[in-house]
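Pasted the sequence and its predicted model underneath.
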Amino acid sequence: MAKRKILWVGGAVLLAAAVAVAVFRPDRAPAVGAGMAAHNLCSVIFVGGQDAQATYRELVAPMLGSPWQRFLRYSVDRANHRVEASFAGLVHARADFTPGYGCRLVYPENLPSPSPLSVAPMPASDGFAPAEAVVSTDPLITAALDRLFTEQPGQLVKDVKAVVVVKHGHVIAERYAAGFGVDTPLLSYSVAKSFTNALLGI
């Protein structure tokens, strides 16, 4: 009786494991990691003009998490505007940059890349904010920005790059990390989609 119970329990565990594998597809995790690394590095390097190593260390590696980040390798081809990433040398991903469109991952089913698009420069001032960073005159806002940009020993690293404070349709304060400024494009992930959907809804 005890042996039959063990067999039943063992069978149930195996079935649960098989269902979990079928649903969660852990084999896809390396492909997702390599694709995320290739795309994010491509965007930050060729769209944002930022440093590859700093971006990997501050943006990509934390998203991969430990210990998985040690298995990822990447290379930047500046001549052809592309970034390749591999996970443990087994799973590979590539992202190509097209001027005016940004970066996209390369898949066999992709349509051909569009012709490069020339992008008009932003106006010096559009009434929303001047060309130079706005320094707040409010001591409370200044103190809040100081707290945001100051790393605290023993706490998680924040790596804050940019903060912009808007009130009544105008920028009233902004601050940027070294190497970043009012013209630096930054990855916004789902924030851009959320704002776009809200604006369309309005």
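Looks like it arrived, so ask away. This is a predicted model, so every value here is computed, not measured.

In contact with the residue nearest to residue 180 when sequence neighbours are not counted, which residues?
Closest residue in space to residue 180, ignoring its immediate chain neighbours: residue 161 at 5.1 Å, by C-beta to C-beta, 6 or more residues apart in numbering. For the C-beta atoms, the positions are set from N, CA and C on the backbone; glycine is no exception. By C-beta atoms under 8 Å, 6 or more residues apart in numbering, residue 161 lies in contact with 176-177, 180, 184, 186.

Buried ones among those?
Neighbour-count burial (16 or more other C-beta atoms under 10 Å) applied to the contacts of residue 161 gives 176, 180, 184.

ok, of these, which one's closest to residue 105?
Residue 105 lies nearest to residue 184 out of the buried ones among the contacts of residue 161, by C-beta to C-beta, at 23.2 Å.

What residues does the closest one make contact with?
By C-beta under 8 Å, 6+ apart, the contact list for residue 184 reads 48-50, 161-162, 176.

Okay, and it sits in which element?
Using DSSP states H and E, residue 184 is not contained in any helix or strand.

Any chance of the backbone angles for it?
Per-residue torsions, residue 184: phi -90, psi 110 (degrees, to the nearest 10).

Against residue 54, how distant is it?
13 Å (C-beta to C-beta, to the nearest Å).

Give me the next element, helix or strand, following the lowest-mean-pLDDT helix or strand in the chain.
When the helices and strands of the chain are scored by mean pLDDT, DSSP states H and E, helix 2-24 comes last with a mean of 53. Next helix or strand after helix 2-24 toward the C-terminus (DSSP H and E): helix 29-42.
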